[in-house]
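In: Please work out how this folds:
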Amino acid sequence: MNNKELALIYVWDAYCGWCYGFSKSLKVFHEKHPELPLTVLSGGLFVGERKQPIGSYTHIPEANKRISQLTGAEFGASYQSLLKEGTFILDSEAAAIGFSALRSFAPERSLNLASSMQRAFYYEGKSLSDPTTYREIAIAHNLDPEAVVARFADVATIKDAQADFMKVQQLGIHSYPTLLLQRGNEYIGLGGGIMTAEKMEDRLNRVIS
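Out: Alright, predicted model coming up:
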């Protein structure tokens with residue numbers, strides 16, 4: 001099988017702190033492999049009964065400390081205020097809809113758009129349920145802000161986000177972040193969590209050699 005038949009699938013959630021920490025390593029790795037098409041799928045971490053105030057998840061402050069120590073990710077003062085106050089609702093479906101709206105205008109920049117969403121939340125303390133957040137991200141990425149906001153409210157976008165959740169379930173992925181290498185009908189784990197770009201590179205080389 002030649003390398004033209006290889007592709008990457010990244011499963012993330014906008015409200016996943018480990019995904020925020022992993023994003024820098026993933027960007028470095030992806031920039032080294034422009035030949036590998038990348039699909040970014042929203043996983044749906046806080047949906048249904050798990051859509052709760054951030055204060056309900058008492059492990060988060062300690063997890064954030066570990067993420068910072070292990071990945072160097074910075075959690076901004078505005079986010080820390082949200083965390084301390086505790087009532088902010090973690091709604092992964094709204095975030096997945098927002099991501100779908102952005103992605104529809106620039107699918108080739110999906111990873112950068114995902115990264116901007118996580119910075120908006122984890123550094124700037126902005127809600128990923130708020131259309132204004134997507135307007136700002138759209139402007140930063142030279143996308144049409146009004147078109148993005150209109151897409152955010154479109155039924156087709158909701159269906160697209162739900163299709164992401166279904167694809168992730170079909171892949172059997174239950175933890176985020178997860179980077180997969182697709183080789184034909186085979187899906188091989190390449191990394192996630194605290195894996196460095198170098199370790200992902202080693203894993204890729206082992207798989208394809």
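
In: Okay, strands next: where are they in this structure?
Out: With strands called from DSSP state E, the chain shows them at 6-12, 38-42, 178-183, 186-191.

In: Quick one: closest of those to Leu143.
Out: Distance to Leu143, taken as C-beta to C-beta, is lowest for strand 38-42 among the strands of the chain, at 15.9 Å. Bear in mind the C-beta positions are built from the backbone N, C-alpha and C, glycine included.

In: tell me the average confidence for the closest one?
Out: The average pLDDT within strand 38-42 is 98.

In: Give me the sheet partners of it and which way each runs.
Out: When pairs are called by DSSP bridges, strand 38-42 turns out to pair with strand 6-12 (parallel).

In: Would you indicate which residues of the strand it pairs with are buried?
Out: When neighbours are counted by 16 or more other C-beta atoms under 10 Å, the buried residues of strand 6-12 are found to be 6, 8-12.

In: hey, where'd the helices end up in this structure?
Out: Applying DSSP state H to the chain gives helices spanning 17-32, 60-71, 77-85, 92-105, 110-122, 131-140, 145-152, 155-171, 197-208.

In: give me the low-pLDDT residue ranges for this structure?
Out: Counting by pLDDT under 70, the chain has low-confidence residues at 1-4.

In: which residue is nearest the middle of it?
Out: Within the chain, one residue has its C-alpha closest to the average C-alpha position: by C-alpha atoms, centre = their mean, that is Trp12, at 3.8 Å.

In: Is it in contact with Ala114, as I believe?
Out: Yes. In this structure Trp12 lies within contact range of Ala114 using C-beta atoms under 8 Å: 6.0 Å.

In: Need the overlap of contacts for the two.
Out: A shared contact of Trp12 and Ala114, defined by C-beta atoms under 8 Å, 6 or more residues apart in numbering, is any residue touching both; here these are Val40.

In: still on that earlier bit, can you name the residues that contact the residue nearest to the centre of the chain?
Out: For Trp12, the contacting residues are 19, 40-43, 114, 176-177, taking C-beta under 8 Å, 6+ apart as the criterion.

In: Bridge partners for it, pull those for me.
Out: For Trp12, the beta-bridge partners under DSSP bridges are Ser42.

In: And it, how far from Leu204?
Out: When distances are taken as C-beta to C-beta, to the nearest Å, Trp12 and Leu204 turn out to be 19 Å apart.

In: same question, Ala147
Out: Distance, Ala147 to Leu204, by C-beta to C-beta: 36 Å.

In: Then Phe105?
Out: Phe105 sits 29 Å away from Leu204 when distances are taken as C-beta to C-beta.

In: Perfect, that will be all.
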